[in-house]
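[1] here you go, sequence then predicted model.
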Amino acid sequence: MCGEYNGWSNWETWNLKLWIDNEQPVYNQALLLAKTYPDIYEASNRLKEFIESIWFPELPAGPLADAANMYLAEVSWYEIRYRDWE
């Protein structure tokens, strides 16, 4: 899905940020990563790795793995890191 959604670059970015904000332990860890890595790109990469490790573990090949990879490919990790934790 492409195009702006609720002020975010796309639905996937908005949706993932919504999940991050609604799970207190995940939010706390994401905020810690943002503060630990002041370089926005490094923090964005660390955030991506963290989210993938907890919500998108290694999936066997198949439609679920394809759908997860398509979703994650659309997320703007930089935008998530930059907008709220700058």
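    Perfect, thanks for sending it.
[2] buried ones in the helix or strand bottoming out on mean pLDDT in the chain, by neighbour count?
    Least confident element among the helices and strands of the chain, by mean pLDDT, DSSP states H and E: helix 77-85 (a mean of 81). For helix 77-85, the neighbour count (16 or more other Cβ atoms under 10 Å) marks 77, 78, 79, 80, 81 as buried. No exception for glycine: its C-beta is placed from N, CA and C like everyone else's.
[3] tabulate these (TSV), appending distance to residue 5.
    Listed next are the buried residues of helix 77-85 as TSV, based on distance: Cβ to Cβ, whole Å:
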residue	distance to residue 5
77	16
78	16
79	12
80	13
81	18
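[4] what's the closest of the residues you listed to residue 8?
    The nearest member of those to residue 8, counting by Cβ to Cβ, is residue 79 at 6.7 Å.
[5] helices or strands up against the least confident helix or strand of the chain?
    Using 3 or more Cβ pairs under 8 Å, 6 or more residues apart in numbering; DSSP states H and E, the elements in contact with helix 77-85 are helix 11-22, helix 24-36, helix 40-55.
[6] can you add mean neighbour count and distance to residue 61 and give those helices back as JSON lines?
    Formatted as JSON lines, those follow (neighbours: other Cβ atoms under 10 Å; distance: least, Cβ to Cβ, whole Å):
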{"stretch": "helix 11-22", "mean neighbour count": "16", "distance to residue 61": "22"}
{"stretch": "helix 24-36", "mean neighbour count": "14", "distance to residue 61": "27"}
{"stretch": "helix 40-55", "mean neighbour count": "16", "distance to residue 61": "17"}
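[7] list just the one of those helices that sits closest to residue 71.
    Minimum separation from residue 71 across the helices and strands packed on helix 77-85 (Cβ to Cβ) falls at helix 11-22, 5.5 Å.
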